[in-house]
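**Student:** Fold the following for me, if possible:
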Amino acid sequence: MEDEDEPVEPPVFEGDDFKGENYGEVEYEMEWCDDVSELSEYADSDSDDGISMEPEWEPPVPDLVGEQPQVQEDEVAEEDPGRDDRLRVQERVQGQHGFIAVPYPDSRAGQEIRHHADDDATNARYGAQFDDGDNPYFPFCSQIDWEIARWSKLRGPSPTAFTDLLAINGVNFSLFAYIVRESLGLSFKNAKELNAIIDNELPMGRPKFKCEQIIVAGEAFDVYHRDVIECIEAIYGDPDFADYLAFTPERHYADEDQTTRLFHDMYTGKWWWDTQKKLDQRCPGGTIIPIIISSDKTQVTMFRNKAAYPIYLTIGNIPKEIHHKPSRSAHILLGYLPTTRLKHISNKASRRRTISNLYHACMSCILGPLESAGLDGVKMRSGDGALCHCHPLFASFIGNYPEQLLATGMKFMECPKCDIDADDTGSNTAAFHLRNLGSVLDALAALDQGSLAFVRACATVGIKPIVHPFWENLPFANIFRAITPDGLVKHLVQWLSEACGAVEIDARCRRLPPNHNIRLFMKGITTLSRLSGKEHAQICQFLLGIIIDIRLPDNLNAELLHAALDTFHDNKGIFVDLGIRNNFNLPKLHAARHYPLMIMLFGTTDNYNTEYTERLHIDIAKDAYRATNHKDEFIQMTIWLECKEKIFRHDKYIHWRISGRRESVPHHPRPPDMSFRREQVMMKHPSAKAVSLQKLVNDYGVTYFREALACYIARLNYSPHHIKWLSLDTRGHGNASVTLDSIHAKPQQHSGSHFRVGQVRAIFALPPTSIPMLFSPTVQVPSHLAYIEWFTPFPPAPDRNHGFYKLSRALTHSGERLASIVSIANIMCSTHLVPRFGAVAPREWTSDTVLDECESFWLNSYLDRHTFARFK
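**Tutor:** Numbering: from 1, shown residues only. Now for the predicted structure:
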């Protein structure tokens, strides 16, 4: 997408600017880049996750039976009267006009108990455990000693292979062995000696694991976990987060009247503000540490059905932008729960009840210390040494729908948050209320009255008879409010596949044009299984675009979708008409009604997204399992993880020592920046040099390059024509001439959108020797230019049914494509165009050729948040 620079038509140019010059016949050789994806030397080098770009075999398109469905006319929405107000709010969020921050009224909240000294900082206290002199790498003797040790534990081979490497001997390898063992001066000769150094001389990076036995129904189960308070102290005191922590709640507004409130990080939500007020009544001046717990059982093997059940913890004081990156280690593994299925219990109801009680018994064992710490508080130091009176309070629970049912004690097909009837979860209007925590706690207290009374009391309030759930005694905790909604994308893809045909859905996925932010599923999406949250998000970016105009059975496309309203609830009946579903009483669908409340309580949904903890499974569960001998694996997995964490922690300390023991500049949190403050970087060397104009035209389709270049040269050399009337010194007083009047002749100007979509055909640089011949000495010629083929300007409003803008190729009066040459500085960002496939996607189209073969497109407003904010 480019700043709109009026495109020019390619036919013959006329006017004084071209007089006597025939730019169309000159052959220039220039350096250029033919692939936009190669422009930056810092371009992403991530793999495509095994995606094959080769075309897949596809079954033939079935013949249409009966009348060919008619393509619907576009329905352009009327101008939105509230759009200007939304744009003003977006400008506030983008930082263009600032925002209004209202601090918590009690200044004692979140304050330090004692001003910190440099010796109190985490890195200083860590280094005080060493008697290292001037060696920052201690207990390793040198930088190379440390680097090899770190490589061995983080990137290197297995311990046995590493030992064999250091033990190489013989005629052929004696020189290499000498270099490794003697010349490098290593302090260890094998993996066993290296492990001894790490185990005995490096301090713990994070708390040590311990194993406890939990007895449920007369059977003992091992639970490997850490002390939860020590885990919180480790994250809260991490020096990498010291400058980013939020200590008090705030209210952010987009306007001075404080009518439009902004929610982003957790400290801007209502939960923190309201809980701080409750805490101040008991313990004024406390610092809340919101505890975010997530759990999700995962497979660690492709076969043999081996699973792990990790529990993760993070804190809401850390900004969500840091939570999103696993490399920042903002999450900590709290423990591994038992993965037993209790198959020896034959009665299914009894088995499910025992599994629930086992889960809560284990979670109570792990989270139990939060009860006293939350009420009375504990003194904790942040990474810069600031000492605060902290109250770790359970705030949010992240998990999929089965995990939510397990945590709350709800029954299948019920909402884990509210009291809506299971038969009404498909309704968008049925009334509901959050479950009453007081009534549930009263029912749980009936356990002292006997088993029968306990079961009846639990049934009355609608929960399973769980003996002491883990959240029962946690201060200020409400599990029904803490549960965060789960997604519905998996089901939606299945319904669309049944309605539209899996073959057609997959065919459209294969024909989407490439984009940096769009993942191309060249094998389609209907056969995918065990998708992660990230893959669901990638599918959502284009799912709406590929079903526009798709053909449904019995021409239902024209009969139903034509009159569809804007919301899913008003359109969902089509799946019932097609026989795909009998009803929509789905708790996941109903969970969408809880999103507004969750955003107001805990900030935007990316504060509690399952996508980020799913990525942790690779580092903390799957890789850890592969490092074991697959026997009594959990004790080996915890030791392996402790070793890695020691290496990570020591690496941070070494960087701090080398940087001169300097702490970073404090960070001041603010709403997320939606503006495009990005640096445009070009590759150092072009992908092709000395390319002739004829080769550009023949090989890359820049048909009117000569004409576009001629027009660009003329535009840069342009000096406006004008007529002046000067005053005359008729009396001979020596007065200087003054311009009394003038007329200016300027090229025709067009009003319209500030942006316009174009396809970049070539990026190039003019030869330095040619610039003096083509441009005036006063003209500043851009170093890199782009040949753009334009699409039509944006219509006044998007389509009323799906909210996408329709675009097509901009053509001249003679039917040729409109093209221009612009400076790459005018290119603002990439955009994604979804082809207008029609009833059936033409099978001759491919992802590489669809932009040239398709005539009209939809602008994908779900490409990224910047595009969504601008065009939705």
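
**Student:** what residue ranges in the stretch 201-350 of the chain are flagged as low confidence?
**Tutor:** For the stretch 201-350 of the chain, applying pLDDT under 70 flags the ranges 303-304.

**Student:** Could I get the full set of strands for it?
**Tutor:** 210-216, 219-225, 250-253, 261-262, 287-295, 298-299, 307-308, 310-315, 332-336 (DSSP state E, counting those that start in this stretch).

**Student:** would a markdown table of these with distance to residue 423 be doable?
**Tutor:** Bear in mind the C-beta positions are built from the backbone N, C-alpha and C, glycine included. Formatted as a markdown table, these follow (distance: least, CB to CB, whole Å):
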| stretch | distance to residue 423 |
| --- | --- |
| strand 210-216 | 34 |
| strand 219-225 | 37 |
| strand 250-253 | 39 |
| strand 261-262 | 35 |
| strand 287-295 | 29 |
| strand 298-299 | 33 |
| strand 307-308 | 34 |
| strand 310-315 | 34 |
| strand 332-336 | 38 |
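
**Student:** Hmm, residue 308 is touching residue 298, no?
**Tutor:** Yes - contact criterion CB atoms under 8 Å: residue 308 and residue 298 qualify, at 5.9 Å.

**Student:** Name the nearest residue to the most centrally placed residue in the chain, sequence neighbours excluded.
**Tutor:** Nearest to the geometric centre of the chain sits residue 324, at 6.8 Å (CA atoms, centre = their mean). Computed as CB to CB, 6 or more residues apart in numbering, the closest residue to residue 324 that is not its neighbour in sequence is residue 612, at 5.8 Å.

**Student:** Now do the SS call for that neighbour.
**Tutor:** Following DSSP: H, G, I helix; E, B strand; the rest coil, we place residue 612 in the helix state.

**Student:** Count the neighbours of it for me.
**Tutor:** Residues lying near residue 612 (other CB atoms under 10 Å) number 23.

**Student:** Same check on residue 781?
**Tutor:** A count of nearby residues for residue 781, using other CB under 10 Å, gives 18.

**Student:** Find the helix or strand that it is a member of.
**Tutor:** Secondary structure assignment for residue 781, by DSSP states H and E: no helix or strand.

**Student:** and the lengthiest helix in the chain, what does it pack onto?
**Tutor:** The single longest helix within the chain, with elements called by DSSP state H, is helix 633-658. Contacts defined by 3 or more CB pairs under 8 Å, 6 or more residues apart in numbering; DSSP states H and E place helix 633-658 against helix 122-127, helix 143-154, helix 191-201, strand 219-225, strand 332-336, helix 623-626.

**Student:** in the helix or strand following it, what's buried?
**Tutor:** The helix or strand immediately downstream of helix 633-658 is strand 688-692, counting by DSSP H and E. Within strand 688-692, the residues scored as buried using 16 or more other CB atoms under 10 Å are 688, 691.

**Student:** Please enumerate the helices of the stretch 501-650 of the chain.
**Tutor:** Using DSSP state H, counting those that start in this stretch, the helices of the stretch 501-650 of the chain run over residues 502-510, 533-540, 543-546, 556-559, 568-571, 573-577, 587-591, 595-602, 610-616, 623-626, 633-658.

**Student:** Would you check that residue 276 makes contact with residue 247?
**Tutor:** No - applying CB under 8 Å as the test, residue 276 and residue 247 come out as separate, 10.3 Å apart.

**Student:** Overlap of the contact sets of these two?
**Tutor:** Counting by CB atoms under 8 Å, 6 or more residues apart in numbering, the shared contacts of residue 276 and residue 247 are residue 109.

**Student:** Looking at those two, which is more packed in?
**Tutor:** Legend: neighbour count by other CB under 10 Å for residue 276 and residue 247, higher for residue 276 (22 against 18).

**Student:** List the contacts of the more buried one.
**Tutor:** Contacts of residue 276 were listed using CB under 8 Å, 6+ apart, and they are 104, 106, 109, 248-249, 288.

**Student:** okay, and for the stretch 601-750 of the chain, where does confidence drop off?
**Tutor:** In the stretch 601-750 of the chain (pLDDT under 70), the answer is 661-677, 719-722, 729-736, 740, 744-750.

**Student:** can you rerun that using 90?
**Tutor:** By pLDDT under 90, the low-scoring segments of the stretch 601-750 of the chain are 603-632, 655-750.

**Student:** hang on, the earlier thing: residue 484 is nearest to which of the helices of the stretch 501-650 of the chain?
**Tutor:** Nearest of those to residue 484, taken as CB to CB: helix 595-602 at 6.0 Å.

**Student:** Report the distance from that closest one to the chain centre.
**Tutor:** Distance, stretch centre to chain centre, for helix 595-602: 19 Å (CA atoms, centre = their mean, to the nearest Å).

**Student:** Of all the residues in that helix, which ones are buried?
**Tutor:** Buried positions in helix 595-602, judged by neighbour count with 16+ other CB under 10 Å: 598-599, 601-602.

**Student:** Residue 742: which of those is nearest?
**Tutor:** Looking across the buried residues of helix 595-602 and measuring by CB to CB, the closest to residue 742 is residue 599, at 58.1 Å.

**Student:** Kindly list the longest strand within the protein.
**Tutor:** The residue-count maximum for a strand in the chain (DSSP state E) belongs to strand 387-398.

**Student:** Strand 287-295 and that one, what's the angle between them?
**Tutor:** Here the directions of strand 387-398 and strand 287-295 differ by 30 degrees (axes from the mean of the first three to the mean of the last three CA atoms, to 10 degrees).

**Student:** Mind giving me the packing neighbours of strand 387-398?
**Tutor:** Applying 3+ CB pairs under 8 Å, 6+ apart, one finds that strand 387-398 makes contact with strand 112-114, helix 228-236, helix 270-282, strand 287-295, helix 370-376, strand 378-381, helix 479-482.

**Student:** Can you list the low-confidence ranges for the stretch 351-500 of the chain?
**Tutor:** Residue ranges of the stretch 351-500 of the chain with pLDDT under 90: 351-353, 383-386, 399-401, 411-413, 422-431, 448, 451, 484-500.

**Student:** how about the helices in it?
**Tutor:** 370-376, 401-408, 437-445, 451-461, 479-482, 489-500.

**Student:** need these in a markdown table with mean neighbour count and distance to residue 302, can you?
**Tutor:** As requested, the helices of the stretch 351-500 of the chain are exported to a markdown table (neighbours: other CB atoms under 10 Å; distance: least, CB to CB, whole Å):
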| stretch | mean neighbour count | distance to residue 302 |
| --- | --- | --- |
| helix 370-376 | 18 | 37 |
| helix 401-408 | 21 | 22 |
| helix 437-445 | 16 | 41 |
| helix 451-461 | 15 | 40 |
| helix 479-482 | 22 | 34 |
| helix 489-500 | 18 | 21 |
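
**Student:** Is it possible to get a markdown table of those helices that adds distance to residue 99?
**Tutor:** What follows is those, written out as a markdown table (distance: least, CB to CB, whole Å):
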| stretch | distance to residue 99 |
| --- | --- |
| helix 370-376 | 32 |
| helix 401-408 | 34 |
| helix 437-445 | 34 |
| helix 451-461 | 42 |
| helix 479-482 | 27 |
| helix 489-500 | 32 |
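
**Student:** Of those helices, which is nearest residue 264?
**Tutor:** Between the helices of the stretch 351-500 of the chain, helix 479-482 lies closest to residue 264; by CB to CB that is 19.3 Å.

**Student:** Please list the outside residues in contact with that closest one.
**Tutor:** 271, 394-397, 407-408, 416-418, 434-435, 437, 440, 469, 471, 601.

**Student:** which of those residues count as buried?
**Tutor:** Buried among the contacts of helix 479-482 (16+ other CB under 10 Å): 271, 394-397, 407-408, 416-418, 435, 440, 469, 471, 601.

**Student:** how far away is residue 639 from residue 361?
**Tutor:** Distance from residue 639 to residue 361, counting by CB to CB, to the nearest Å: 25 Å.

**Student:** now residue 232
**Tutor:** As judged by CB to CB, residue 232 and residue 361 stand 22 Å apart.

**Student:** ok, of the buried ones among the contacts of helix 479-482, which one's closest to residue 764?
**Tutor:** Nearest to residue 764, judged by CB to CB, of the buried ones among the contacts of helix 479-482 is residue 396 at 51.8 Å.
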